[in-house]
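Peer 1: Turn this into a model:
(2 chains)
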There are 2 protein chains.
Amino acid sequence: MPEAAFAPATRAIVGDSEFDRDTALTRRAPGVYDIDLSAGWTIINAVNGGYLLAVLGRALADALPHPDPFTVSAHYLTASQPGPAVVRTETVRAGRTLSTGQASLFQYDDEGNEVERIRVLASYGDLDALPEDVRTSAKPPALPPMDQCFGPEDGPAPVDGSSAITDRLMLKLDPATLGWALGQPSGKGEMRAWFGLADGRDADPLSLLLAVDALPPTAFELGLKGWVPTVELTVHVRCRPAPGPLRVSITTRNLAGGFLEEDAEVWDSTDRLVAQSRQLARVRLG
Amino acid sequence: MPEAAFAPATRAIVGDSEFDRDTALTRRAPGVYDIDLSAGWTIINAVNGGYLLAVLGRALADALPHPDPFTVSAHYLTASQPGPAVVRTETVRAGRTLSTGQASLFQYDDEGNEVERIRVLASYGDLDALPEDVRTSAKPPALPPMDQCFGPEDGPAPVDGSSAITDRLMLKLDPATLGWALGQPSGKGEMRAWFGLADGRDADPLSLLLAVDALPPTAFELGLKGWVPTVELTVHVRCRPAPGPLRVSITTRNLAGGFLEEDAEVWDSTDRLVAQSRQLARVRLG
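Peer 2: Residues are numbered from 1 along each chain as shown, chains lettered A, B, ... in the order given. You can find the predicted model right below:
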């Protein structure tokens, strides 16, 4: 694997990276956290949904007795903006091997009233306590080597208003799913990419919450343009990811009635399927 | 389609069927509902998770301004039992085309204290208001005709402690996914069946919430035995189902660390993909 192709000169470590600093929360009271949402994770002027999921996931990791997100279900209510936000968590149930929590992210309207942006339900556990058993029939996505894939830096900005988040990601897209960027979408609901953080920080369960919602939408390869806002996204973290770049594959099988689902799989450098997600998103039919 | 093969002599209609009677709620206060969970929907002595989802879905359909579940995310906390329960709902956001709600189902401990069984977040809309556009690449599951498929009534009870729910369902399993019942599981994480309600009531969005969690678990074909409790289940209802039997396909691609995902697709008699779901479940590795 040509890892050197993307390795920055100085590699950020987990706990001291852009992603860690921009998801850091200040505890205001038990289960209540303040954060300044970073403008560094915006795409087409909205804060990326995966970054927001990581913020909520980090709050719950602090609030719940178990450390790792096993399954997080998020319903997106209103579009988040960079700036101050508060996360309020609730412990729903604390069990022996799993605990369940709820969290909401709020921002403020012009009168200073809280406006809810996202609400999540999540079950947490301890990934390191799981048995080693693996009986997976899924196969990693077929991706060309990283140096044969293309990122935003390799061509003209393919997305109108494309924005800050691309500077924070190492994203190398499979040319087979890049037809949209050349005005020739394949018509297939597929997108595949090598994925990492631009400063070289390795993946962990929290950054997997970002990874599942960080690729260009499959809608682009289906010939649609514009924003594809997420209504709901559920992610399952199945394994702690090994160091090294991730491979992310997203697919859409059903575009109908102005909605589509996007299924993501995230594979680590040891060929373990580390996360699966599905979202329901709205499309503007062109 | 040999529909006559399962049509009961008198066909129950939507609104007046076992399913409708057993999911009927009594409004105690705005957004708060009482119900007596029916013993008729138990499997291995636990109340079926899909039936519970339909109960919660019906409460939210009453409480929210929009009629149809578009996406429902449920986290299962403790096992429900037949008997009294209360459902408490909250309107999280009421938008123009979508509204989002939360609901919890509680039962009572020996001291009469409420114990939370399930919590859901859900976004509702109006299926009849969606555009007709369908650009689906998914294909319906390949199933033999119904009279070449097999139900619980066709052989010895294949599940230990198999129970009441089988009397309320029309379930005809593809023989290709029935190896487990003969002691020869295929090793593939697949289960396919014709699905309906035993009294002939046609499907509607609420009964789709039941359909996605009503087949024997894929775990059986993977050679595992025993209960596979759901941790989280999210369902997307994509279209109002046409009259006639449904086809349900469930698949598992990743069994690892004592957990598996189960993806369900539900197809109606006009070959429309009417619902998709994914659940994370725990397995006892044998």
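Peer 1: CA atoms for contacts and neighbours, from now on please.
Peer 2: OK.
Peer 1: Chain A: helices as residue ranges?
Peer 2: Here chain A has its helices, by DSSP state H, at A:18-22, A:49-63, A:165-168, A:205-211, A:218-221.
Peer 1: As CSV, these with distance to B:S99, mean neighbour count and mean pLDDT would be great.
Peer 2: Shown next, in CSV, are these (distance: least, C-alpha to C-alpha, whole Å; neighbours: other C-alpha atoms under 10 Å in any protein chain shown; pLDDT from 0 to 100):
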stretch, distance to B:S99, mean neighbour count, mean pLDDT
helix A:18-22, 30, 19, 97
helix A:49-63, 19, 24, 98
helix A:165-168, 29, 18, 92
helix A:205-211, 25, 25, 98
helix A:218-221, 24, 27, 93
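Peer 1: mind checking which of those is nearest A:P145?
Peer 2: Of all these, the one in closest proximity to A:P145, counting by C-alpha to C-alpha, is helix A:205-211 (19.0 Å).
Peer 1: ok, for A:R58, nearest residue in space, not its chain neighbours?
Peer 2: Once flanking residues are discounted, A:R58 sits nearest to A:L206: 6.9 Å by C-alpha to C-alpha, 6 or more residues apart in numbering or on different chains.
Peer 1: Can you report how many residues neighbour A:A193?
Peer 2: 29 (other C-alpha atoms under 10 Å in any protein chain shown).
Peer 1: tell me the contacts of it?
Peer 2: By C-alpha atoms under 8 Å, 6 or more residues apart in numbering or on different chains, A:A193 lies in contact with A:L143, A:C149, A:L171, A:K172, A:L173, A:D174, A:L215, A:R247, A:V248, A:S249.
Peer 1: Just list whatever residues bridge to the fourth one.
Peer 2: On the basis of DSSP bridges, A:K172 takes part in beta bridges with A:W194.
Peer 1: Can you give me the distance of it to chain B?
Peer 2: 25 Å (C-alpha to the nearest C-alpha, to the nearest Å).
Peer 1: The fifth one now?
Peer 2: Per C-alpha to the nearest C-alpha, A:L173 is found 22 Å from chain B.
Peer 1: circling back to that earlier point, so which of the helices of chain A is nearest B:R119?
Peer 2: Among the helices of chain A, helix A:49-63 sits nearest to B:R119 (C-alpha to C-alpha), with 16.5 Å.
Peer 1: Give me the contact list for the closest one.
Peer 2: Contacting residues not belonging to helix A:49-63 are listed as A:23-25, A:30-31, A:33, A:41, A:67-69, A:72, A:74, A:87, A:89-91, A:101-105, A:120, A:124, A:206-207, A:209-214, A:230 [C-alpha under 8 Å, 6+ apart].
Peer 1: Filter those residues down to the buried ones, ChimeraX style.
Peer 2: Here is the ChimeraX command that selects the buried residues among the contacts of helix A:49-63 (16 or more other C-alpha atoms under 10 Å in any protein chain shown):
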select /A:23,24,25,31,33,41,67,68,69,72,74,87,89,90,91,101,102,103,104,105,120,124,206,207,209,210,211,212,213,214,230
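Peer 1: Out of the contacts of helix A:49-63, which sit inside strands?
Peer 2: A:33, A:68-69, A:72, A:74, A:87, A:89-91, A:101-105, A:120, A:124, A:230 (DSSP state E).
Peer 1: filter these by proximity to chain B?
Peer 2: A:V120 (C-alpha under 8 Å from any C-alpha of the partner chain).
Peer 1: ok, back up a step: can you name the two of the contacts of A:A193 that are farthest apart?
Peer 2: Longest span within the contacts of A:A193, C-alpha to C-alpha: A:L143 and A:L215, 14.5 Å.
Peer 1: Among those two, which residue is more densely surrounded?
Peer 2: Higher neighbour count among A:L143 and A:L215: A:L215, with 22 against 18, using other C-alpha under 10 Å.
Peer 1: just to revisit the earlier point, which single one of the contacts of A:A193 is nearest to chain B?
Peer 2: Lowest distance from chain B to the contacts of A:A193 (C-alpha to the nearest C-alpha) belongs to A:S249, with 14.4 Å.
Peer 1: Count the residues that sit near that closest one.
Peer 2: 26.
Peer 1: That one - nearest residue in space that isn't next to it in sequence?
Peer 2: A:S249's closest residue in space is A:R192 (C-alpha to C-alpha, 6+ apart), at 4.4 Å.
Peer 1: Now do the contacts for that neighbour.
Peer 2: A:R192 sits in contact with A:P141, A:L143, A:L173, A:D174, A:T177, A:L215, A:R247, A:V248, A:S249, A:I250, where contact means C-alpha under 8 Å, 6+ apart.
Peer 1: if you set the cut-off to 10 Å instead, what comes out?
Peer 2: Neighbouring residues of A:R192 by C-alpha atoms under 10 Å, 6 or more residues apart in numbering or on different chains: A:141-144, A:149, A:171-178, A:215-216, A:218, A:247-251, A:264-265.
Peer 1: buried stuff in stretch A:276-286?
Peer 2: So, applying 16+ other C-alpha under 10 Å, buried residues of stretch A:276-286: A:Q276, A:S277, A:R278, A:Q279, A:L280, A:A281, A:R282, A:V283, A:L285.
Peer 1: burial count for the closest residue in space to the fourth one that isn't next to it in sequence?
Peer 2: Once flanking residues are discounted, A:Q279 sits nearest to A:L233: 4.0 Å by C-alpha to C-alpha, 6+ apart. The local packing count at A:L233 equals 27, with neighbours defined by other C-alpha under 10 Å.
Peer 1: just A:M170 next, same as before
Peer 2: By other C-alpha under 10 Å, neighbour count at A:M170 equals 23.
Peer 1: what residues are up against the residue at minimal distance from the centre of chain A?
Peer 2: Centroid check for chain A by C-alpha atoms, centre = their mean gives A:L210 as the closest residue, at 2.2 Å. Going by C-alpha under 10 Å, 6+ apart, A:L210 touches A:F19, A:N48, A:G49, A:G50, A:Y51, A:L52, A:L53, A:A54, A:V55, A:L197, A:A203.
Peer 1: With A:A242 instead?
Peer 2: A:D202, A:A203, A:D204, A:W267, A:D268, A:S269, A:T270, A:D271, A:R272, A:V274.
Peer 1: circling back to that earlier point, which strand residues bridge the residue nearest to A:Q279?
Peer 2: On the basis of DSSP bridges, A:L233 is bridged to A:A74, A:Q279.
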